[in-house]
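[1] Just a sequence and a predicted model for now, questions to come.
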Amino acid sequence: MRKKIVAGNWKMNLTLDEGVKLASEVREFVKNNPLEQLPGKPGVVMFTPAIHLDRVTQTLHNTKGVQTGAQNCHTQEKGAFTGEVSVGMIRSAGAGYVLVGHSERRAQFDETNEVLAEKVNIILKHNLTPMYCCGEVLEERDEGKLFDVIKEQIEKGLFWLSKEEFTKIVIAYEPVWAIGTGVTASPEQAQEMHAYIRQLVEEKYDAETAENTTILYGGSCNAKNAKELFANKDVDGGLIGGASLKAEDFCTIIQSY
Ligand code: PEP
């Protein structure tokens, strides 16, 4: 059975103390509500700012099923890239995941599918899990191009992987028009795209690989609407932005599976 995941993307929010406090609250919640005893047995990932990774990972030490992740990485192992963070550094801080291709990075930092493919490559090389984001902007949806856009993002970013490599990937479908806007995709819209992505994976690899691929929904998912979104058969959890910054909301979402 494929893995269910609830992930929080803190973006550029929270001081170190605030981040540690949030992680401690999630740790206490998980201690009292072991993830393997929740119906969906979800894993939890907290994508913190890179500078918080070490302390937050230590804070979550021995919290079964909860891992940390970085929001970005560089394509190269090391060198003269002032201000950048390598996958080796992320790994040495104890993180298990790296987010790749969040729409904010695609739009604000000009990250192309080709660059993202390089990031996926180096993340896998270091045995970390890439969480690969894809999503269409509103104009593309309105013009009926949404499936073509997602297909291109997935084909160029991921479909050069061998089947074995692909089984290590997590996908997050995040319609850009829903991110941080308070406008959520309807459960039907989310299910439709998730089923489409799964079909693409089946056509490229095989039915078993498609069945085992974790596909998360992201975009104004919150404590109120998570249950309805996660109830869809091809939605395997969520990538949560704003609502991951408050322990109470994030923990409610974790329980929505
Ligand atoms: C995100 O940043 O990945 C995200 C889904 O944000 P929000 O939940 O705030 O829309």
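    Happy to help now that I have it.

[2] and the closest residue to the ligand within the chain, how many neighbours does it have?
    Closest contact between the chain and the ligand, by C-beta to the nearest ligand atom, is at Gly241 (2.1 Å). (Glycine included, C-beta is placed from N, CA and C.) A count of nearby residues for Gly241, using other C-beta atoms under 10 Å, gives 24.

[3] is it true that Lys64 lies in a helix?
    No: assigned with DSSP: H, G, I helix; E, B strand; the rest coil, Lys64 falls outside any helix and is coil.

[4] give me every residue that touches it.
    Val30, Pro34, Leu35, Glu36 (C-beta atoms under 8 Å, 6 or more residues apart in numbering).

[5] What does it show for phi and psi?
    phi -60, psi 130 (degrees, to the nearest 10).

[6] distance of it from Arg27?
    10 Å (C-beta to C-beta, to the nearest Å).

[7] tally of neighbours for Pro130?
    Neighbourhood size, Pro130 [other C-beta under 10 Å]: 28.

[8] can you check the one 4 residues further on too?
    Other residues near Cys134 come to 27 when the count uses other C-beta under 10 Å.

[9] Identify the residues contacting it.
    Gly101, Ile150, Gln153, Ile154, Gly157, Ile171, Ala172, Tyr173, Glu174, Ile197.

[10] The same query, at a cut-off of 10 Å, please.
    Taking C-beta atoms under 10 Å, 6 or more residues apart in numbering as the contact definition, Cys134 lies against 100-101, 103, 106, 113, 116, 149-154, 157-158, 171-176, 193, 197, 215.

[11] And these, which of them are buried?
    Buried subset of these (neighbour count, 16 or more other C-beta atoms under 10 Å): 100-101, 103, 106, 113, 116, 149-150, 153-154, 157-158, 171-176, 193, 197, 215.

[12] ok, Met193 touching Gln153?
    No: when contacts are counted by C-beta atoms under 10 Å, Met193 is not listed as touching Gln153 (11.7 Å).

[13] Run through the residues of this protein sitting next to the ligand.
    By C-beta under 6 Å from any ligand atom, the residues of the chain that approach the ligand are 9, 174, 179-180, 218-221, 239-243.
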